[in-house]
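> Predicted coordinates and the sequence they were generated for:
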Amino acid sequence: MKTNDYVKYMTQQFVKYIDTPRDERKERKEVRKETKTPVSQQLFGILPYGFRLWLKRKK
């Protein structure tokens, strides 16, 4: 990919972002946050989740 192509792509993405209404951008951001996996699960996989379930069951 040439530099000119990259600049063109980035400009298109920026213009598309700016053209979307602010409310829609906020809504997309909230949806992304809700569907995001926890950091502990991203770093260590399912082990922290399993450990947490085990502790809850033990109580």
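Structure received. Numbering: from 1, shown residues only.

> Scan the chain for its longest helix.
The residue-count maximum for a helix in the chain (DSSP state H) belongs to helix 3-19.

> shaky segments in the protein?
1 (pLDDT under 70).

> Show me the residue at the heart of it, geometrically.
Nearest to the geometric centre of the chain sits Arg32, at 5.0 Å (Cα atoms, centre = their mean).

> Return the distance of it relative to Val15.
For Arg32, the distance to Val15 equals 21 Å [Cβ to Cβ, to the nearest Å]. All C-beta spots, glycine's among them, are computed from the backbone N, C-alpha and C.

> what does Asn4 give?
16 Å.

> Then Leu53?
Leu53 is 46 Å from Val15, by Cβ to Cβ.

> Over to Trp54?
Applying Cβ to Cβ to Trp54 and Val15 gives a distance of 50 Å.

> for Arg22, same thing?
Counting by Cβ to Cβ, the gap from Arg22 to Val15 is 15 Å.

> same check, this time on Gln41
35 Å.

> Neighbour count for these two, which is higher?
Counting neighbours by other Cβ atoms under 10 Å for Gln41 and for Val15 shows that Gln41 has the greater number, 13 against 9.
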